[in-house]
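> sequence and predicted structure, then a few things I'm wondering about:
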Amino acid sequence: MSFWSKVMDRSIVFSFDKTGYKRHAKEFIAGEAESALTGKTVLITGCNSGIGYACVEQLLRRDAKVIMVCRSKERGERARTRLVAETTNPNIELRLADMADVDQVNALADGISDPLDGLIHNAGNLIHKKRMASCGVEYITALHLVGPHLLTTRLKPNLVASGSAQAARIIFVSSGGMYTQRLNCDQLFDPTGRYDGVRHYAHTKRGQVVLANALHRAWSREGLSVHAMHPGWVDTPAVRRSIPTFATLTSPILRNPAQGADTLSWLAGGPSAKIDGEFGFWFDRMRVPMHLKKSTKSVQDDGVSLLDRLEGLIHQ
Ligand SMILES: NC(=O)c1ccc[n+]([C@@H]2O[C@H](COP(=O)([O-])OP(=O)(O)OC[C@H]3O[C@@H](n4cnc5c(N)ncnc54)[C@H](OP(=O)(O)O)[C@@H]3O)[C@@H](O)[C@H]2O)c1
């Protein structure tokens with residue numbers, strides 16, 4: 001990467017925005033995100049809109065089979081119909097689950113018998129008023145961490161059994177906002193004091209990166225490759241609904257959903273030599289640092305406390 005490109009990346013704005021995507025895309029290797037994924041099955045959550053929808057579209061165009069997990073039957077079916085029409089690939093199933101509800105996640109896992117080559121945790125949200133989920137932890141933590149960890153654990157046999165030459169990939173869609181947060185498990189599961197939705201969202205996204213790294217360390221010898229990525233700033237319904245002022249101010253420079261999904265679909269089907277082996281926190285097909293400043297480093301970054309808490313919750 002050139003000196004000027006590194007300077008632009010440090011600005012954050014001209015890295016996370018669409019000009020950053022276009023600059024980074026000049027380094028992409030032609031063909032890496034176009035190879036056929038015939039015979040591969042990827043399950044992805046939260047994909048009736050935005051980045052998830054664009055990722056499904058990219059995977060279907062490469063001839064993968066996709067299992068979409070949505071919480072609304074109506075929105076899921078509408079998206080499925082459009083995706084089949086747009087890609088002419090009919091290999092797409094819709095399953096329903098609220099990813100913050102452990103009973104629904106268990107029911108979802110009970111119904112999946114396919115061997116899986118990929119599992120993408122994309123469902124996400126940001127709220128401004130604290131809510132608790134039925135499992136007894138804060139709602140966004142349940143959505144971004146408890147539900148995904150339960151689903152990953154329940155589907156591990158399907159991923160290991162895929163029998164593909166390439167490691168099965170588990171990918172968490174985190175956020176660049178996580179760079180602002182230091183992991184503190186007590187606050188993560190039950191934030192105290194005034195609830196700051198933006199801050200808590202970013203904290204859960206830090207948790208996803210720590211969790212992915214810990215799972216990769218634990219499972220990579222079993223043929224599983226666990227990663228996290230962030231999509232940059234993308235124009236999606238979630239951004240317009242949850243942070244409208246940011247969406248209005250940045251609207252001319254936001255990425256489109258296809259640009260936001262590029263690294264995600266690349267990770268799901270990209271080259272083993274580049275992706276498997278070491279854990280990665282990815283952005284625009286590059287491994288990027290997990291911290292940008294010392295103050296966000298925590299003794300809990302090894303993921304031990306986080307895994308203990310999650311295991312306790314999914315087995316209660
Ligand atoms: N857009 C950005 O700039 C940006 C930046 C960093 C990270 N991200 C992350 O990217 C991911 C996708 O977000 P997006 O921006 O593409 O927004 P989006 O279009 O609103 O997509 C979010 C998806 O998650 C689903 N979802 C929300 N709560 C759910 C639940 N409880 N159970 C199951 N599904 C649920 C939504 O379904 P409904 O339609 O039913 O609500 C929707 O399909 C999220 O994890 C987000 O945190 C986005």
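Yep, it's here.

> and residue 165, what's its pLDDT?
The model reports residue 165 with a pLDDT of 67.

> check the one 5 residues further on too.
The score at residue 170 is 97. That number is its pLDDT.

> spit out the contact partners of the residue nearest to residue 123 when sequence neighbours are not counted.
With Cβ to Cβ, 6 or more residues apart in numbering as the criterion, residue 123 has its nearest non-adjacent residue at 2.7 Å, and that residue is residue 46. Yep, even glycine has a C-beta here, placed from its N, CA and C like the rest. Neighbour list for residue 46: 52, 69-71, 99, 122-124 [criterion: Cβ atoms under 8 Å, 6 or more residues apart in numbering].

> so which bits of this structure are right by the ligand?
Proximity of the chain to the ligand, by Cβ under 6 Å from any ligand atom, involves residues 45-52, 71-72, 75, 98-100, 122-125, 143, 173, 175, 230-231, 233-234, 236-239.

> count the neighbours of the nearest residue to residue 235 once chain neighbours are set aside for me.
Counting by Cβ to Cβ, 6+ apart, residue 235 lies nearest to residue 254, which is 4.0 Å off, once chain neighbours are set aside. Residue 254: 21 surrounding residues under other Cβ atoms under 10 Å.

> next up, the contacts around residue 254.
Contacts of residue 254 by Cβ under 8 Å, 6+ apart are 17-18, 233-235, 239, 247.

> likewise for residue 105?
Counting by Cβ under 8 Å, 6+ apart, residue 105 makes contact with 97, 99, 147, 150-151, 154.

> secondary structure, pLDDT and neighbour count added to these, as JSON lines?
Output for the contacts of residue 105, formatted as JSON lines (DSSP: H, G, I helix; E, B strand; the rest coil; pLDDT from 0 to 100; neighbours: other Cβ atoms under 10 Å):
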{"residue": "97", "secondary structure": "coil", "pLDDT": "98", "neighbour count": "22"}
{"residue": "99", "secondary structure": "coil", "pLDDT": "98", "neighbour count": "26"}
{"residue": "147", "secondary structure": "helix", "pLDDT": "98", "neighbour count": "27"}
{"residue": "150", "secondary structure": "helix", "pLDDT": "98", "neighbour count": "23"}
{"residue": "151", "secondary structure": "helix", "pLDDT": "98", "neighbour count": "26"}
{"residue": "154", "secondary structure": "helix", "pLDDT": "97", "neighbour count": "16"}
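
> for these, which one is nearest the ligand?
residue 99 (3.7 Å; Cβ to the nearest ligand atom).

> OK, contacts around the nearest residue to that closest one once chain neighbours are set aside?
Sequence neighbours aside, residue 147 is the residue nearest to residue 99 in space, at 3.9 Å (criterion: Cβ to Cβ, 6+ apart). The contact partners of residue 147, by Cβ under 8 Å, 6+ apart, come to 98-102, 105, 123.

> residue 147 and residue 53, how far apart?
Remark: distance between residue 147 and residue 53 (Cβ to Cβ, to the nearest Å) = 19 Å.

> residue 204 now?
Taking Cβ to Cβ as the measure, residue 204 falls 22 Å from residue 53.

> who has more neighbours, the two?
Taking other Cβ under 10 Å, residue 204 and residue 53 do not tie; residue 204 has more neighbours (27 against 24).

> right, and the more buried one touches residue 141 too?
Yes - look at residue 204 against residue 141 with Cβ atoms under 8 Å: they come within range, at 5.4 Å.

> can you work out which residues contact both of those two?
residue 188.

> now the stretch 51-200 of the chain against the ligand: closest residue?
Nearest residue of the stretch 51-200 of the chain to the ligand: residue 124, at 2.2 Å (Cβ to the nearest ligand atom).

> hang on, that residue is in a strand, isn't it?
No - Residue 124 is assigned coil when assessed by DSSP: H, G, I helix; E, B strand; the rest coil, not a strand.

> pull stretch 78-93 out as PDB, backbone CA atoms only.
Extracted in PDB, the C-alpha atoms of stretch 78-93 (Å, rounded to 0.1, in the frame of the first residue of the first chain):
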ATOM      1  CA  ARG A  78     -40.200 -10.800  -0.100                       C
ATOM      2  CA  ALA A  79     -36.400 -10.800  -0.100                       C
ATOM      3  CA  ARG A  80     -36.200 -14.400  -1.200                       C
ATOM      4  CA  THR A  81     -38.500 -13.800  -4.200                       C
ATOM      5  CA  ARG A  82     -36.500 -10.800  -5.300                       C
ATOM      6  CA  LEU A  83     -33.200 -12.600  -4.900                       C
ATOM      7  CA  VAL A  84     -34.300 -15.600  -7.000                       C
ATOM      8  CA  ALA A  85     -35.600 -13.200  -9.700                       C
ATOM      9  CA  GLU A  86     -32.400 -11.100  -9.700                       C
ATOM     10  CA  THR A  87     -29.900 -14.000  -9.700                       C
ATOM     11  CA  THR A  88     -31.900 -16.800 -11.300                       C
ATOM     12  CA  ASN A  89     -30.400 -19.100  -8.700                       C
ATOM     13  CA  PRO A  90     -33.300 -20.900  -6.900                       C
ATOM     14  CA  ASN A  91     -31.000 -22.600  -4.300                       C
ATOM     15  CA  ILE A  92     -32.200 -20.400  -1.400                       C
ATOM     16  CA  GLU A  93     -34.100 -21.400   1.700                       C
END
